[in-house]
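> A structural model of the following input is requested.
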Amino acid sequence: MNLFSMDNDGERERRSEATRHIKAWVESSLQLPEGVVAHVAELRCHEPDCPDFETVITLMCTDSSQNRSVKLPKALTDVIEADISSANFSLSQDCQH
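Numbering: from 1, shown residues only. Just a heads-up that it's a prediction; the model follows:
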């Protein structure tokens, strides 16, 4: 079974569109410096007291030791712009140059 060929009524497109929106919100909200890339992923959690899904946004710097991640306790397609503006992203000075 090829999971990439399964569309489920446009679910794959909805997820791709949500990822694009989240990246755009992060980039505009934080005014990311050149060379900093926003990476968005959805993870499924199987541990007790953990949400079923969480969206992880990682700001990747040239020096990977400076990368920063924020976890949002919701599915990728449930993230809204207000979630991004209230998230606590903290880029180090080294990453901003």
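> Need the residues that contact the helix ranked longest in the chain.
In the chain, taking DSSP state H as the definition, the longest helix is helix 11-30. For helix 11-30, the external contacting residues (C-beta atoms under 8 Å, 6 or more residues apart in numbering) are 6-7, 32, 38, 40, 42, 55, 57, 59, 76-77, 79, 81, 84-85, 89, 91. (Glycine included, C-beta is placed from N, CA and C.)
> Pull out the buried residues from these.
32, 38, 40, 42, 55, 57, 59, 76-77, 79, 84, 89, 91 (16 or more other C-beta atoms under 10 Å).
> how many neighbours does Asp49 have?
By other C-beta atoms under 10 Å, the residues close to Asp49 number 5.
> helix, strand or coil for it?
Secondary structure assignment for Asp49 (DSSP: H, G, I helix; E, B strand; the rest coil): coil.
> how much space between it and Leu72?
Asp49 sits 16 Å away from Leu72, going by C-beta to C-beta, to the nearest Å.
> before we move on, back to that, can you lay out the buried ones among the contacts of helix 11-30 as a markdown table showing pLDDT?
Output for the buried ones among the contacts of helix 11-30, formatted as a markdown table (pLDDT from 0 to 100):
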| residue | pLDDT |
| --- | --- |
| Leu32 | 84 |
| Ala38 | 92 |
| Val40 | 96 |
| Glu42 | 94 |
| Thr55 | 95 |
| Ile57 | 94 |
| Leu59 | 91 |
| Leu76 | 94 |
| Thr77 | 95 |
| Val79 | 96 |
| Ile84 | 91 |
| Phe89 | 76 |
| Leu91 | 61 |
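> so which pair among these is furthest apart in space?
Using C-beta to C-beta, these span at most 26.3 Å, a distance reached by Thr77 and Leu91.
> Tell me where this protein has helices.
Under DSSP H, the chain gives helices at 11-30, 81-86, 93-96.
> Among the ones you listed, which comes closest to Arg68?
helix 93-96 (7.5 Å).
> pLDDT averaged over the closest one - what is it?
The pLDDT scores in helix 93-96 average 59.
> where are the low-confidence patches of the chain?
1-7, 9, 91-97 (pLDDT under 70).
> Mind checking the helices of the chain for the one nearest to Asp63?
When these are compared (using C-beta to C-beta), the closest one is helix 93-96, at 6.2 Å.
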